[in-house]
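Visitor: coordinates for the following, if possible.
(chains A and B, ligands or ions: 1)
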Amino acid sequence: MAVFVYAENINGVYKKAAFEAVSYAKAVAEKTGETVTAISVNPTDSSDLLYKYGAEKVINIKDEGLKNFSAKAYAQAVSEVADGNVLVFPHTTDASSVAPMLAIMKNYSLITNVLEAPESISPFQVKRRAFSGKGFMHAKADTQGVIVTVSQNAFGVKENTVSGTEEVKNLTVTNEDTKVLSHEQSSGKLDLKEAEIVVSAGRGMKGPENWGMIEELANVLGAATACSKPVSDIGWRPHSEHVGQTGKAIAPNLYIAVGISGAIQHLAGVNSSKTIVVINSDAEAPFYKSADYGVVGDAFQIIPELTAKIKALKG
Amino acid sequence: MKILVCISSVPDTTSKINFTADKTAFDKNGIQWVINPLDEFALTKAVKLQESQGAVVTVLNVGEALTEPVIRKALAIGANEGIRINADPKDSFSVAKEIANVAQTGGYDLILCGKESIDYNGGAVPGMVAQLLNQPFVNACVGLEVNGGEVTAVREIDGGKETISVKLPAVIAGQKGMVDEKDLIIPNMRGIMSARTKPLHIQEATGSEVKVHGVSYDSVPARAAVKMVTPDNLDELVRLLHEEAKVF
Ligand SMILES: Cc1cc2nc3c(=O)[nH]c(=O)nc-3n(C[C@H](O)[C@H](O)[C@H](O)COP(=O)(O)OP(=O)(O)OC[C@H]3O[C@@H](n4cnc5c(N)ncnc54)[C@H](O)[C@@H]3O)c2cc1C
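Guide: Numbering: from 1, shown residues only, chains lettered A, B, ... in the order given. As a prediction, the model looks like this:
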C-alpha cells in the first residue's frame, strides 16, 4: 500500500503547498513503512520535483475534461486512482474544496487544517488548528481510511530525494455542471498563503495612496502584502488581502504589521506566524503583547528607512 | 425558488477561548453566541434574493436548544422560516448528514453555507453536503447572481478569482465579498418583532455516525516578551531579524 498525496498545480506548475503536502505524506509513510504516491491533474512540471520530496511514484491524470477546475470532477478523478488508507491534501482553496467531496465518496474520515505529523497512525490522531488559531485540537479518526488537509506553511517543505517512476493515467471525467466563464490569475504576485514573509498594514496608513511604501518594503523582502479587515472594508485594499478570523489565516516566517492595532480577530489569522514585528505610533496597541519585536513610532518615517536599511543589507 | 441557508452558532469573535480543566472539551462558560460571521454573508445574499426574486429562505442549524437565539436572529435578518435539528454537533460528517437529510426532502434550488465556521475551522460541511446530494459545489464564493436554472458565481482561487456558471441545484459556500460588508443586515425592531412569530421547526436528529472526535485541546502558548527597539535604532531591528530571528 501507499500513502497518497494530491500534488496541486496551477496551470501545470506545482504549488509550494504541493511540495509541503508530499513532505507530509513522506513523514506519514515513514511511520507506516509505506511509500508515497503523488497524484496530479494535467501537470506540465517534471515529476522530478515531487521525487525530491519523497514521492516514489507520480500518477499524472491526463484529462481534457479537467482542464477547468471543478471540485466534484476533481474528487471523482482522484478517487479513481487513490486507494491507500491515508490521503494527504494541501489546505489550499481548491484542494480543501475537493477533500470533503472525496471523503464522502470513499467513506473516509476527514481532518482538515493539520499542523504536525500524526501522533498515532492507527487510530489516526493529529494536531490541528481550531478556534481560528486561538487553540489546537487533537483529532482522532474513527475509520481506517483518512484524508488530511495540511495547513500551509505549518509542516514545512522537507527535501528527501528518492528515485521515482511516473505513470500517465488517461481519464475522461464528465464535468457538465460547471462552466468557467473567466479566470483571472494575478501573475508575478506572491500568493499570500504561501509567502515566507508578509508585510501587512492597517488603518494607521491613513489612506490607500500611502501603500506604496508598504509595497516597496515587501518588494525588498520578496514578501506578499496583506491588510487588516477595516482596510479592505473601506476598499483601500482588495478583500483577498484581508487576514484574520474572517479573512485568510496565514503562517509566514515573518509577519510585519504596520499601523494595525492587533485586535483579537486580527491576531486569530496571524498568530501562527513564526516571528512578528509590530510598528505602531501607539505604545499601548494590544499587538505588542503578541509580537516578538516592536517599534513605537511614525510608520511614515520608519518604513522608508527600514526599507533602505534592509536593501543595503541585502546588497 | 427555495433557498436553504445553513448557519452555525459560534463564540462571538471577541471571545477568549478556554478549555475544560481536563482539556477534553471547549469550555462554553460565559460565551456569547453569534451567527458564524462567514454564514452571515450567505444569509444576507439569500435575503437579497428573496427581495429581488421572491425566493423563500429557510435557515437551518444543527444544534441544541441554546442555538435558538441565533436562529431567531437569522429570522430577524429576514429568513422566512427556521429549522433546528436537535443534536449536539460532534463533527463535520454528522452535521453534513443531517443537513443533507433536510435538503433531500425540502427540494431546495440553492443551498448556501459559510466557507468555514470560526470555531472548529472544519471547512468541510458544505463540500460534504454537496457530495451527499450529488450536486455541484462552489467554495469560497465572493459573488453570486441567479439567472433562472443557473447561477453565475465568482470564486476565490489562490492568487486570483474565477467566474463560473453552475447549474442548479447546487451548494455554494460563501465568504466576505459574497455581499459587501456594509450591506450585512443588522436586525431592526420590526425584524425582531416579526421573527417572534415566524415558524421555527424543531426536528429530531437521525443520529448520524461521527467519524472524527476531538480527544483533547490545547491553548496557544504565550510568546516570549516583546523586544522593543527605538525608531532611531532601526539598524538594531534589522540586525535582530537577520541574526537572531534569521528571517532574511
Ligand atoms: C465579527 C468580526 C470579525 C472580524 N474579523 C477580522 C479579521 O478577520 N481581520 C481583522 O484584521 N479584523 C477583524 N475584525 C476587526 C478587528 O476587531 C479590528 O477592528 C481590526 O483588526 C482593526 O484594524 P486596524 O488595526 O487596521 O485599525 P485600527 O483599529 O483603527 O488601528 C489603527 C492602528 O494604527 C495606529 N496608527 C495610526 N497612525 C499611525 C502611524 N502614522 N504610524 C504607525 N501607526 C499608526 C493606531 O495607533 C492604531 O493602533 C473583525 C471584527 C468583527 C466584529
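Visitor: the ligand contacts on chain A?
Guide: Where chain A comes near the ligand, counting by Cβ under 6 Å from any ligand atom, the residues are A:202-204, A:228-231, A:244-247, A:259-261, A:263, A:265-266, A:269, A:280-282, A:285, A:298-300. All C-beta spots, glycine's among them, are computed from the backbone N, C-alpha and C.
Visitor: any idea where the strands of chain B begin and end?
Guide: For chain B, the strands defined by DSSP state E occupy B:2-6, B:9-11, B:33-35, B:56-63, B:81-86, B:110-114, B:137-147, B:150-157, B:160-167, B:170-174, B:200-204, B:212-219, B:227-228.
Visitor: among the ones you listed, which is nearest A:Val28?
Guide: strand B:212-219 (16.9 Å; Cβ to Cβ).
Visitor: buried stuff in the closest one?
Guide: Buried residues in strand B:212-219, counted by 16 or more other Cβ atoms under 10 Å in any protein chain shown: B:212-214, B:216-217.
Visitor: any chance of those residues in TSV with pLDDT and distance to the ligand as columns?
Guide: Formatted as TSV, the buried residues of strand B:212-219 follow (pLDDT from 0 to 100; distance: Cβ to the nearest ligand atom, whole Å):
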residue	pLDDT	distance to the ligand
B:Val212	98	25
B:His213	97	28
B:Gly214	98	23
B:Ser216	98	27
B:Tyr217	98	22
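Visitor: what's the helix or strand for the closest residue to A:Pro208 other than its chain neighbours?
Guide: Closest residue in space to A:Pro208, ignoring its immediate chain neighbours: A:Trp236 at 3.9 Å, by Cβ to Cβ, 6 or more residues apart in numbering or on different chains. Using DSSP states H and E, A:Trp236 falls within no helix or strand.
Visitor: tally of neighbours for A:Trp236?
Guide: 21 (other Cβ atoms under 10 Å in any protein chain shown).
Visitor: so who does it touch?
Guide: By Cβ atoms under 8 Å, 6 or more residues apart in numbering or on different chains, the contact set of A:Trp236 is A:205, A:207-208, A:211, A:227.
Visitor: show me what from chain B comes close to the ligand.
Guide: So chain B meets the ligand at B:13, B:37 (Cβ under 6 Å from any ligand atom).
Visitor: okay, now the unreliable bits of chain B?
Guide: Residues of chain B meeting the criterion pLDDT under 70: none.
Visitor: so where's the longest helix in it?
Guide: The longest helix of chain B (DSSP state H) is helix B:37-53.
Visitor: can you lay out the buried residues of strand B:212-219 as CSV showing distance to A:Asn175?
Guide: Shown next, in CSV, are those (distance: Cβ to Cβ, whole Å):
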residue, distance to A:Asn175
B:Val212, 29
B:His213, 35
B:Gly214, 36
B:Ser216, 41
B:Tyr217, 40
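Visitor: looking at these, which is nearest B:Ala76?
Guide: Nearest member of these to B:Ala76, counting by Cβ to Cβ, is B:Gly214, at 31.8 Å.
Visitor: so what's that closest one closest to, chain neighbours aside?
Guide: Closest to B:Gly214 by Cβ to Cβ, 6+ apart is A:Met137, at 4.9 Å.
Visitor: wait, that neighbour touches A:Arg128, no?
Guide: Yes. Between A:Met137 and A:Arg128 there is a contact under Cβ atoms under 8 Å: 5.3 Å.
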